[in-house]
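Colleague: When you get a sec, could you give me coordinates for this:
(2 chains)
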Number of protein chains: 2
Amino acid sequence: MRTTWMGYRNRTGPAGTRNLLGIVTTVQCAAGVLKVAVEQIKKELLPKYPNVDGVVAVTHPYGCGVAINAPMAKIPIRAITNVIRHPNFGGEIMVVGLGCEKLTYDRVLPAGDITPENVLTLQDYAGHDAMMNAIMEMAEKKLEKLNQRKREELPLSELLIGMQCGGSDAFSGITANPSAGYAADMLVRGGATVMFSEVTEVRDGVLMLAARCVDEKVRDRLAEEMKWYDDYLEAGGVDRDANPTPGNKKGGLANIVEKAMGSIAKSGTSPIVEVLSPAEKPTKRGLIYAATPASDIVCGPSQVASGIGLQVFMTGRGTPYGLDISPVIKVCSRNEMKDHWFDLIDISAGDVATGEATIADVGTEIFNMILDVASGIKEPYSDQYGFHNDMCIFNPAPIT
Amino acid sequence: MRTTWMGYRNRTGPAGTRNLLGIVTTVQCAAGVLKVAVEQIKKELLPKYPNVDGVVAVTHPYGCGVAINAPMAKIPIRAITNVIRHPNFGGEIMVVGLGCEKLTYDRVLPAGDITPENVLTLQDYAGHDAMMNAIMEMAEKKLEKLNQRKREELPLSELLIGMQCGGSDAFSGITANPSAGYAADMLVRGGATVMFSEVTEVRDGVLMLAARCVDEKVRDRLAEEMKWYDDYLEAGGVDRDANPTPGNKKGGLANIVEKAMGSIAKSGTSPIVEVLSPAEKPTKRGLIYAATPASDIVCGPSQVASGIGLQVFMTGRGTPYGLDISPVIKVCSRNEMKDHWFDLIDISAGDVATGEATIADVGTEIFNMILDVASGIKEPYSDQYGFHNDMCIFNPAPIT
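Modeller: Residues are numbered from 1 along each chain as shown, chains lettered A, B, ... in the order given. Okay, here's the model as predicted:
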C-alpha cells in the first residue's frame, strides 16, 4: 500500500492537492465583477505563473439580504470563513467585498488578516477600470507567491478527502459504495482523514454509526446533529422520506432506509473519531462524519469548506457534477453506466456485481486513483472538461 | 410623453426587450455542462444569428436534494416554471435536465411542451461529445427560430418592468426612489405594467400601500403576504429589523422604518391593481406589488421569473449588480456616487438634492432611459461589462 503522496504542504492543516488562487466574495453583489475579472486573470496573468494550477472565483448567494444574526446564520458564515482558508489556496487570502454588505470582513477574517493586501472593497474604487485594475494587481501579487509553491512527498496524514454519493441506484450499496469504503479504510489505516456526510442518507442507519463512534462525546454530537436535522425538516413540513429521488426509485431504491444502507457503506469500517456541523474543519485525523445536507450540490461545497482536497463521488444514475476547488473522482455502480458514459465516469465498480472483481480490487483502484489525483498525476473527467458546479452553500436561516 | 417603444412581440404576455436564447436547467447537477456548452454556443453558433442578442444559461441551486413536496416548494418551482417562459426568450423552450432529479419536466412544463424539440436529458446521451453535440444541435434549431424575430413598434401596454433598490442611503428616499416613482407613474399612465417588491422594505409602511390597493381583495392579498413573511422570519428566530445593512446605516438610514419610507417611494402614486406571491406572473396591467424578499440578488431573479423586461435599480452606496436575462438600469441617489462610479451608474438623481433638477426632470430622464433600454437603443453599464449576478431563486422550503 502506498504511504505517501505528492502535495502542497501548508503551514497548518491538511496539504493542498492543487495550487489555486481562490478569490472569495463576501457577497453575491460582487459576483458579476469577480467572474469577469477572473476570466481576465486566467487569460492575462495565469500563463505567466506556470506553477499555479488555476484561479477560482468563489461566489455564492450569501452575504447580504440575509438575517445575519439569525441563530442558524453561523452555518453559511462558517462556510465562507473556512473556504477562504481552503488547503488548495495555500494560505493566500484574497477576499472581495462590495462595501455595504452585512457579511463584513470581521465576520470571516481575524483582525490581523484584514489588510489592504488581502481584502478589496469594490465601493472604494473610482469606476470600472480602477476596480478591475485593483483586482488584477492584487491577484498578480498572490500569483507570484503561489508560484513559489512546489509539490513534495508527504505522508497520508497530510491528506483530507471527502466521500459523497448521488443519483444512487440499487447497485450503489453493493458495488461502488463498499468499494469506496474499502478505499476509505486503506486511507484511514495509512493516517489520512476521510470525511463522509449526508444526514438524511445516514439517518435511518444511524445506530450503525453510533456504534462506531470512538466515545460517548462523539456519539452525543452525532445524536445532536441528527436531531437538529429532524427539527429542521419538521419545521418545513416534511420528513426525511422527502429524500429519495425519482432516479433513485427507478434505479431500484424503494425508500430512504434502503438508500441509507447503501450510503453508509462508503464510510468503510473505521471508528468515527469526530462529528462536525456543516462546513466545520476537522480537528482530528481518521474517519470524520460531517452532518451536511445530502443534496449533492450542497454537500460538496460544505465538504470543500471543511477543507477536503478532493472528493470521491459514487453514482448509479450518472452525474456530470464537479467542483472547481477540489477535484471530484466519479465511481459508478454498474458497468452499463461506464459503457454509456465512458468518458464521464472515472472508475466503474460494476465488476463487483459481475464477479469479475472483488470489493478489495475496486477499492484499491479507487485508493490509487485518489493518490494519483491528489498528487496531480491524474485529472478526473469533470476537471478535463471544466464541468464545475456552483458553490451552493447551506443557509437554513431566513433571508430578508 | 412617448407612448410607444420597440419590442419583440410575444404570442401571449408582455413583449421582450431582448431576443435571447434562454436555456434553463431543471437541476444544479446539469449546470456545469450547460455553462461550458453555452460558452461554445456563444463562440460557434451565435455569430451566425445576428438578430439574436445573446444566449443565457439559466442555472440555479434548485432541482434535487430538496423537499420537493414541502408546502413552500411551490415558490422555487414556480420561479423555474415561469422563467422558462420569460418574454425575452420569445416562447422558445429549451430545458436541460439530468434525468434522475426531483424537479421532473412535468413540474415545470405542460405535457404538450415536453417534446424532444424542447427538453434534453443529459443521462440519455452516450458520453461527453454526444451530450455536447445534442445541446449544440437543439440550440441551433432554437437560434434559427429566434433569428426570425424583429423589433416592432408597440404600445406601452406591452411593457412589463421591475423596480428595486439596494444599498440605499438617506438620500435614496428623497432623490432616486421618488424619481423612479415618477417614471413608474408615467409608465402606468401610458398603459405599462410596473412591479415593485421587497417585503421587509415595505412592511413598516404597509398601511400606505394598503390604502392604494384597488379593492378589498387586493388589500387582503397584501395582508396575507405580509403575514407569511412575518411568520417566515419568526420561524428563523429574527424579525424585519434584521434588514438594514451596515451600508444603509453608514448612509444615514437608522432603522427599517426609515428604509421602508424611502423604498415605497419608488412605486409612485398609482393604485395597486394586483398583489403577487414571489415569482408569480401578473394577470393585470398597471402597478403590481410582488411580495419577494428584499435581498437584491433574490428580488431580481424573482421579478425576472415574473417576466420583467428590465429592472430599474436605485442605489445610494453603489452596486455593480446586473442580470443576464433582463437589463438593469442603475440610478444613484447622490452626485458624489455618480462622480465616483461615473461609468457604472447609469443615471444620477443627485440633482434633486442640490436643487438643480426636479423629481419630474429626473423621473422623465429615467422614463426615457427605460424606453431606450427596452427598445435596444441603449445598453446599461452592467450589460456593457457583462456584470451579471446569479439566478438566486427563493427557496424557503428545506433541503434534504
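Colleague: With just CA atoms, put the lowest-mean-pLDDT helix or strand in chain A into PDB.
Modeller: Lowest by mean pLDDT, DSSP states H and E among the helices and strands of chain A is helix A:246-250, with a mean of 90. Taking Å, rounded to 0.1, in the frame of the first residue of the first chain, the C-alpha atoms of helix A:246-250 are listed here in PDB:
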ATOM      1  CA  PRO A 246     -37.400   9.600  -9.000                       C
ATOM      2  CA  GLY A 247     -34.000   8.400 -10.300                       C
ATOM      3  CA  ASN A 248     -33.200   6.500  -7.100                       C
ATOM      4  CA  LYS A 249     -36.600   4.800  -7.300                       C
ATOM      5  CA  LYS A 250     -36.200   3.900 -11.000                       C
END
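Colleague: and it, what other elements does it pack with?
Modeller: Packed against helix A:246-250, as judged by 3 or more Cβ pairs under 8 Å, 6 or more residues apart in numbering or on different chains; DSSP states H and E, are no other helices or strands. No exception for glycine: its C-beta is placed from N, CA and C like everyone else's.
Colleague: contacting residues around that helix?
Modeller: For helix A:246-250, the surrounding residues in contact (Cβ atoms under 8 Å, 6 or more residues apart in numbering or on different chains) are A:167, A:168, A:169, A:259, A:316, A:317, B:98, B:99, B:100, B:101, B:102, B:104.
Colleague: Select from these the one having the most neighbours.
Modeller: In terms of neighbour count, residue A:259 stands highest of the contacts of helix A:246-250 at 31 neighbours, by other Cβ atoms under 10 Å in any protein chain shown.
Colleague: quick one: it and chain B, what's the gap?
Modeller: 11 Å (Cβ to the nearest Cβ, to the nearest Å).
Colleague: just residue A:203 next, same as before
Modeller: Taken as Cβ to the nearest Cβ, the span from residue A:203 to chain B is 10 Å.
Colleague: what residues are up against the nearest residue to that residue once chain neighbours are set aside?
Modeller: Nearest non-adjacent residue to residue A:203, counting by Cβ to Cβ, 6 or more residues apart in numbering or on different chains: residue A:240, 5.3 Å away. Applying Cβ under 8 Å, 6+ apart, one finds that residue A:240 lies in contact with A:199, A:200, A:203, A:204, A:229, A:230, A:233, A:256, B:400.
Colleague: And the residues you listed, which is closest to residue A:292?
Modeller: Within the contacts of residue A:240, the smallest distance to residue A:292 is 7.0 Å, found for residue A:199 (Cβ to Cβ).
Colleague: thinking again about what came up before, any chance of the contacts of helix A:246-250 in JSON lines, plus secondary structure and distance to residue A:3?
Modeller: Formatted as JSON lines, the contacts of helix A:246-250 follow (DSSP: H, G, I helix; E, B strand; the rest coil; distance: Cβ to Cβ, whole Å):
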{"residue": "A:167", "secondary structure": "coil", "distance to residue A:3": "33"}
{"residue": "A:168", "secondary structure": "coil", "distance to residue A:3": "32"}
{"residue": "A:169", "secondary structure": "coil", "distance to residue A:3": "34"}
{"residue": "A:259", "secondary structure": "helix", "distance to residue A:3": "35"}
{"residue": "A:316", "secondary structure": "coil", "distance to residue A:3": "32"}
{"residue": "A:317", "secondary structure": "coil", "distance to residue A:3": "35"}
{"residue": "B:98", "secondary structure": "coil", "distance to residue A:3": "38"}
{"residue": "B:99", "secondary structure": "coil", "distance to residue A:3": "40"}
{"residue": "B:100", "secondary structure": "coil", "distance to residue A:3": "38"}
{"residue": "B:101", "secondary structure": "coil", "distance to residue A:3": "41"}
{"residue": "B:102", "secondary structure": "coil", "distance to residue A:3": "42"}
{"residue": "B:104", "secondary structure": "coil", "distance to residue A:3": "47"}
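Colleague: follow-up on the earlier one: can you pull the phi and psi angles for the residue nearest to residue A:203?
Modeller: phi -70, psi -10 (degrees, to the nearest 10).
Colleague: cool, and residue A:334?
Modeller: Dihedral angles of residue A:334 (phi, psi; degrees, to the nearest 10) stand at phi -140, psi 150.
Colleague: For chain B, what's the nearest residue on the stretch 101-250 of chain A?
Modeller: Here the stretch 101-250 of chain A gets closest to chain B at one residue, residue A:247, 1.9 Å apart by Cβ to the nearest Cβ.
Colleague: Tell me, how many residues neighbour that residue?
Modeller: Neighbours of residue A:247 using other Cβ under 10 Å come to 25.
Colleague: That one and residue A:389, how far apart?
Modeller: According to Cβ to Cβ, to the nearest Å, residue A:247 stands 17 Å off from residue A:389.
Colleague: same deal with residue A:88?
Modeller: Separation of residue A:88 from residue A:389 (Cβ to Cβ): 16 Å.
Colleague: go on, residue A:79?
Modeller: Residue A:79 is 15 Å from residue A:389, where distance means Cβ to Cβ.
Colleague: Please apply the same query to residue A:190.
Modeller: Separation of residue A:190 from residue A:389 (Cβ to Cβ) stands at 29 Å.
Colleague: The two - which one has more neighbours?
Modeller: Remark: of residue A:190 and residue A:389, residue A:389 carries more neighbours, 27 against 18, as counted by other Cβ under 10 Å.
Colleague: so who does that one touch?
Modeller: Taking Cβ under 8 Å, 6+ apart, we find residue A:389 in contact with A:297, A:300, A:321, A:322, A:323, B:28, B:29, B:31, B:32.
Colleague: Residue A:302 too?
Modeller: A:79, A:197, A:278, A:279, A:290, A:292, A:293, A:393, A:394.
Colleague: I figured the last one was touching residue A:277, is that so?
Modeller: No. In this structure, residue A:394 sits apart from residue A:277 without contact. The criterion is Cβ atoms under 8 Å, and the distance is 10.1 Å.
Colleague: Looking at these two, which has the bigger crowd around it?
Modeller: Higher neighbour count among residue A:394 and residue A:277: residue A:394, with 22 against 17, using other Cβ under 10 Å.
Colleague: contacting residues around the more buried one?
Modeller: Contacts of residue A:394 by Cβ under 8 Å, 6+ apart are A:75, A:76, A:79, A:278, A:279, A:292, A:293, A:298, A:301, A:302, B:399.
Colleague: how about it, secondary structure?
Modeller: coil (DSSP: H, G, I helix; E, B strand; the rest coil).
Colleague: ok, now how distant is it from residue A:204?
Modeller: For residue A:394, the distance to residue A:204 (Cβ to Cβ) stands at 21 Å.
Colleague: can you tell me how far residue A:261 sits from residue B:104?
Modeller: Taking Cβ to Cβ, one finds residue A:261 at 25 Å from residue B:104.
Colleague: follow-up on the earlier one: in helices, which of the contacts of residue A:394 appear?
Modeller: Under the assignment DSSP state H, the contacts of residue A:394 contribute A:75, A:76, A:79, A:298, A:301, A:302 to helices.
Colleague: Which of these has the largest number of neighbours?
Modeller: Of those, with other Cβ under 10 Å as the count, residue A:302 tops at 32 neighbours.
Colleague: Check it and give its pLDDT.
Modeller: pLDDT for residue A:302: 98.
Colleague: Nearest residue to it in space, please, no chain neighbours.
Modeller: Sequence neighbours aside, residue A:292 is the residue nearest to residue A:302 in space, at 3.9 Å (criterion: Cβ to Cβ, 6+ apart).
Colleague: Residue A:146 now?
Modeller: Counting by Cβ to Cβ, 6+ apart, residue A:146 lies nearest to residue A:52, which is 4.9 Å off, once chain neighbours are set aside.
Colleague: While we're on that neighbour, how confident is the model there?
Modeller: Looking at residue A:52, the pLDDT reads 98.
Colleague: go on, residue A:241?
Modeller: At residue A:241, pLDDT is 83.
Colleague: try the one 4 residues further on
Modeller: What the model reports for residue A:245 is a pLDDT of 90.
Colleague: Ramachandran coordinates for it?
Modeller: phi -100, psi 170.
Colleague: Next up, the contacts around it.
Modeller: Per Cβ under 8 Å, 6+ apart, neighbours of residue A:245: A:167, B:64, B:100, B:101, B:102.
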